[in-house]
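Peer 1: Below are the sequence and a predicted model; questions follow.
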Amino acid sequence: MPVRHDGPITTPGSRSELRLEPGTWTTRSELPKRGLTITEYPFVVGRKPLRGEHAPRSHVALMFPDAKPYNLSRNHFAIEKGHTALMIRDVGSHLGTVVNGARIGIDEPLNAVTLHIGENEIMAGGTDSPFQFILEITA
């Protein structure tokens, strides 16, 4: 799938700092109030499996509890270092991800978008999802 390249994109340099901050009360449940510094990639966010569910195949760095009807998939989105930019990839969630107003996912034209320096808004799930984040990138 193609990747959208909009705005002042980030380059995956060693001096960039990424901090994932809560955007709602729901995301504050698993994130420190001042956010979490991301140092390893891919950094996957998803839903905590319920009793009897299989654990995700890949490592999920940050998991949130969710109830039916789910907004989060067990593997929802990943923050990745691409060859030329930092990006967010929807990793096969059922409801998609919105990054800076652009919807990405398996049922969308794009499954990944590049990130820009400054604040990047992320919403995982449906249109009223409580799983919202701010990804602050400083160069």
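Peer 2: Perfect, thanks for sending it.
Peer 1: what pairs with the residue most central in space within the chain across the strands?
Peer 2: The residue lying closest to the centre of the chain (Cα atoms, centre = their mean) is Phe77, at 4.3 Å. Beta-bridge pairing for Phe77 (DSSP bridges): Val45, Asp90.
Peer 1: That one touches Gly96, doesn't it?
Peer 2: No. Phe77 is not in contact with Gly96 according to Cβ atoms under 8 Å; the separation is 9.2 Å. Where C-beta positions appear, they are placed from N, C-alpha and C, glycine not excepted.
Peer 1: which residues sit in contact with the closest residue in space to Pro65 that isn't next to it in sequence?
Peer 2: Nearest non-adjacent residue to Pro65, counting by Cβ to Cβ, 6 or more residues apart in numbering: Lys48, 5.1 Å away. Applying Cβ atoms under 8 Å, 6 or more residues apart in numbering to Lys48 gives the contacts Met63, Phe64, Pro65, Asp66.
Peer 1: looking at those, which has the most residues close by?
Peer 2: Comparing the contacts of Lys48 by number of neighbours (other Cβ atoms under 10 Å), Asp66 comes first, having 22 neighbours.
Peer 1: Touching, it and Leu72? I think so.
Peer 2: Yes. Assessed by Cβ under 8 Å, Asp66 is found in contact with Leu72 at 4.7 Å.
Peer 1: and which of the contacts of Lys48 is nearest Ala55?
Peer 2: Distance to Ala55 across the contacts of Lys48 (Cβ to Cβ) is lowest for Met63, with 9.9 Å.
Peer 1: Quick check: which element contains that closest one?
Peer 2: strand 62-64 (DSSP states H and E).
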